[in-house]
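> need the 3D shape of this:
(2 chains)
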Amino acid sequence: MHDVVRTRFAPSPTGRMHVGNLRTALYEYLIARSLGGSFVLRIEDTDQERQVESAIDIIYDTLRAVGLKHDEGPDIGGPYGPYIQSERLPLYRQYADQLLESGQAYRCFCTRERLESLKEDANKHFTAYDRHCRHLDQQTVQNLLDSKKPYVIRQKMPIDGSTTFDDAVYGSITVDNRELEDQILIKSDGYPTYNYANVIDDHLMNITHVVRGSEYLSSTPKYNLLYEAFGWEVPTYVHLPLILGKDGQKLSKRHGSTSFADLVQEGYLPEAIVNAIALLGWCPKENRELFTLDELCQFFSIDRISKSPSIFDFDKLDWFNASYLRSMESTSFLALISPILDEVFDGAAPLKPLLAELLQPRVVRLTDIPHMIHFLRNRQSADLSLYDHKKAKSSRMLAGEILPELKERLSGLTEWTRESIHDCLTRFAEDRALKTGQVMWPLRISLSGQAVTPGGAVEIALLLGQQEVLARLSEDIEHLSQNVTEEDMP
RNA sequence: GGCCCUAUGGUCAAGCGGUCAAGACGCCGCCCUCUCACGGCGGAAACAGGAGUUCGAUUCUCCUUAGGGUCACCA
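Residues are numbered from 1 along each chain as shown, chains lettered A, B, ... in the order given. Here you go, the predicted structure:
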């Protein structure tokens, strides 16, 4: 038995970091960390046709952004390198030869065309390879080899019997061997298939827990047979339930932003994303939902991983994101949104601490900010109907009546602070025997031109500054006087 | 279609033979309140169906149904 737990994240560099992949990486990390083991990064680039430029950087960047630090990997090395499969080619070849010699694998010279026609013939029925080359005699093989005919190496699967393996989450699973195809180990370009390289590397790298999505469940018996053929110890399998989209299908681009980078760009915090996906398919013993990565390491356990697939819920992600935003130190929040604020104001935004204070309890996604505060920069004239508000006992009539005097009073203020503005407004309400809301509502509407704003009349007035407040009021008073007609009279 | 897996509110999910079947998101209502939000309180909302096993099934077994996965010289 291995006594040191080792898990690996083995993505193929094909472009994006899908949330499903990220969750797999997260669980691999959590299993390793919670058990005091190591987490290694391995790049599975055995598909020469699907290589994507800079995809490896996306992997590094994502892992760094979410705080999943690997202990070994292509960039930092380690005792089991190389960690990029394309650099391990001789290894795969060597072990394949071993299988060839022991008669557990064979060369297959079948052309793709023949394989294709095989599939057409079989059509809806079992479409596995017909094992045509499995029984070629040595002389024939030698001739084909001499004539440089390309070939792949296939593993000989047992014809009958069954294969059973144990999964840490799904339990014991048995499959009839006749369901298993003589799978390709080495492709004709000399590269190993994932199915094969994966087993070789996991063994050579001493991986104790093979963690992956449950889409691999059905090919696991084949891996088991491979371990058996080599006489190697089978690792602990941990298959993870799939993450589905809103429509119940496997999550994909169709469902919108499903890569980590997409989500970050849409204004979600990496911590919130991690927290959200950690709870998709795993549930802590304690009834609780907010966890930092360190806390997850502390509480995670394989036996609480669930078997049923789960749907990725963007509403819940919103909630996580909002929760993280709200629980931040106000100074951190300010630092976080400062660049966004500056951008909205084309330079240094004014009163940033106040803006941050107003925004922190209201923002769900960072990308919401620009349109929430846009009105501060651009005066938009209020739709008169906005003045009519039953609950505040406000109306366009009332607005037309009080705004001029309100403007007078505000212009008389020699000090422009929260207190001074607030006092001025409440005193005005008292003097005119009005409810507070009857003053606050029209003023806020006049200054913002919108029904909903971050902060109330006082805060908005403060943010706008005395001069702008008076300017906006003048404009609106004008507008009101021209448009409030006889019909509006009670 | 074969094989494999899964099945508690709309979603995430607790439960591991005896519960009035947690909690969270979302939704609705109320309170707080210068709008909204935050916060507080409350509400509607679930064991897919059928056979067994058992004194007793959400829980164990089988079948049905539904959903998903997989059947590549992709991972």
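
> grab the nearest non-local neighbour of residue A:340.
Nearest non-adjacent residue to residue A:340, counting by C-beta to C-beta, 6 or more residues apart in numbering: residue A:369, 5.0 Å away. Every residue, glycine included, has its C-beta placed from N, CA and C.

> what about the one you found, neighbour count?
Neighbour count of residue A:369, defined by other C-beta atoms under 10 Å: 20.

> got the contact list for residue A:218?
residue A:175 (C-beta atoms under 8 Å, 6 or more residues apart in numbering).

> low-confidence ranges in chain A?
A:1-2, A:122-126, A:485-490 (pLDDT under 70).

> tell me who's in contact with whichever residue of chain A sits closest to RNA strand B.
Nearest residue of chain A to RNA strand B (C-beta to the nearest atom of the strand) works out as residue A:456 at 2.5 Å. Each residue near residue A:456 by C-beta under 8 Å, 6+ apart is listed here: A:440, A:444.

> leaving out the residues flanking it, which one is nearest to residue A:80?
Using C-beta to C-beta, 6+ apart, the nearest residue to residue A:80 is residue A:205, at 4.3 Å.

> these two touch, right, the residue nearest to residue A:340 and residue A:358?
No - look at residue A:369 against residue A:358 with C-beta atoms under 8 Å: they stay out of range, at 10.8 Å.

> flag every buried residue along stretch A:15-28.
Going by neighbour count (16 or more other C-beta atoms under 10 Å), the buried part of stretch A:15-28 is A:16-28.

> that stretch near RNA strand B anywhere?
No - using C-beta under 7 Å from any atom of the strand, stretch A:15-28 stays clear of RNA strand B, with a minimum separation of 8.8 Å.

> who touches that stretch?
Here stretch A:15-28 makes contact (C-beta under 8 Å, 6+ apart) with A:7-9, A:11, A:39, A:52, A:55, A:58-59, A:62-63, A:66, A:68, A:209, A:211-213, A:238, A:240, A:242-243, A:251, A:258-263, A:273-274, A:277-278, A:280-282, A:296, A:300, A:305, A:312.

> of those residues, which belong to strands?
Here DSSP state E is the test, and the contacts of stretch A:15-28 give A:7, A:8, A:9, A:39, A:209, A:211, A:212, A:213, A:238, A:240, A:243 as lying in strands.

> quick one: what helix or strand has the residue lying closest to residue A:394 once chain neighbours are set aside in it?
The shortest distance from residue A:394 to any non-neighbouring residue, by C-beta to C-beta, 6+ apart, is to residue A:441 (4.2 Å). Using DSSP states H and E, residue A:441 maps to helix A:436-448.

> try residue A:480
helix A:466-483.

> neighbouring contacts of that helix?
A:379, A:381-382, A:384, A:387, A:396, A:399-400, A:403-404, A:406-407, A:410-411, A:413, A:416, A:446-447, A:461, A:464.

> which among those residues count as buried?
A:379, A:382, A:384, A:387, A:396, A:399-400, A:403, A:406-407, A:410, A:446-447, A:461, A:464.

> nearest to residue A:76, of those?
Nearest to residue A:76, judged by C-beta to C-beta, of the buried ones among the contacts of helix A:466-483 is residue A:464 at 52.3 Å.

> how about that closest one, what does it touch?
A:376, A:447, A:472.

> and the residue nearest to residue A:340, helix, strand or coil?
helix (DSSP: H, G, I helix; E, B strand; the rest coil).

> what's the spacing between it and residue A:248?
Separation of residue A:369 from residue A:248 (C-beta to C-beta, to the nearest Å): 33 Å.

> what does residue A:101 give?
When residue A:101 is compared with residue A:248 (using C-beta to C-beta), they lie 48 Å apart.

> one more: residue A:384?
47 Å.

> show me the contacts for residue A:190.
Taking C-beta under 8 Å, 6+ apart, one finds A:89, A:93 in contact with residue A:190.

> hmm, 7 Å instead?
By C-beta atoms under 7 Å, 6 or more residues apart in numbering, residue A:190 lies in contact with residue A:89.

> any chance of the backbone angles for it?
With angles defined as degrees, to the nearest 10, residue A:190 sits at phi 90, psi -10.

> quick one on the thing from earlier: and the buried residues of stretch A:15-28 as CSV, adding secondary structure?
Listed next are the buried residues of stretch A:15-28 as CSV, based on three-state DSSP:
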residue, secondary structure
A:16, coil
A:17, coil
A:18, strand
A:19, helix
A:20, helix
A:21, helix
A:22, helix
A:23, helix
A:24, helix
A:25, helix
A:26, helix
A:27, helix
A:28, helix
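
> closest to residue A:222 among the residues you listed?
When those are compared against residue A:222 (criterion: C-beta to C-beta), the nearest one is residue A:24, at 19.9 Å.

> against residue A:299, how distant is the closest one?
Distance from residue A:24 to residue A:299, by C-beta to C-beta: 19 Å.

> same question for residue A:17.
For residue A:17 relative to residue A:299 (C-beta to C-beta), the value is 24 Å.

> repeat for residue A:216
26 Å.

> with residue A:409 instead?
Applying C-beta to C-beta to residue A:409 and residue A:299 gives a distance of 58 Å.

> so for these two, which residue has more residues nearby?
Set side by side, residue A:409 and residue A:299 show more neighbours around residue A:299, with 17 against 13, by other C-beta under 10 Å.

> how about the contacts made by that one?
A:284, A:291.

> what about stretch A:58-78, start to end distance?
21 Å (C-alpha to C-alpha, to the nearest Å).

> what residues of it count as buried?
Neighbour-count burial for stretch A:58-78 [16+ other C-beta under 10 Å]: A:58, A:59, A:62, A:63, A:65, A:66, A:68, A:70, A:72, A:73, A:74, A:78.

> what's in contact with it?
Contacts for stretch A:58-78 (C-beta under 7 Å, 6+ apart): A:11, A:13, A:16-17, A:22, A:25-26, A:29, A:38-41, A:43, A:80, A:83-84, A:260, A:270, A:274, A:293.

> with stretch A:108-120 instead?
Applying C-beta under 7 Å, 6+ apart, the set of residues contacting stretch A:108-120 is A:127, A:129, A:130, A:132, A:133, A:144, A:149, A:151, A:152, A:154.

> same question, stretch A:398-418
For stretch A:398-418, using C-beta under 7 Å, 6+ apart, the contacting residues are A:387, A:420, A:424, A:428, A:432, A:438-439, A:442-443, A:446, A:458, A:462, A:465-466, A:469-470, A:473-474, A:476-477, A:480-481, A:484.

> can you check stretch A:353-363 too?
Against stretch A:353-363 from outside (C-beta under 7 Å, 6+ apart): A:325-326, A:330, A:333-334, A:337, A:341, A:349, A:369, A:372-373, A:454-455, A:459, A:462-463.

> so which bits of the helix holding residue A:441 are buried?
Buried-residue list, helix A:436-448, by 16+ other C-beta under 10 Å: A:437, A:438, A:439, A:440, A:441, A:442, A:443, A:444, A:445, A:446, A:447, A:448.

> and these as TSV, adding distance to RNA strand B?
Supplementary listing: those in TSV, determined by distance: C-beta to the nearest atom of the strand, whole Å:
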residue	distance to RNA strand B
A:437	4
A:438	9
A:439	8
A:440	3
A:441	5
A:442	10
A:443	8
A:444	6
A:445	9
A:446	12
A:447	10
A:448	8
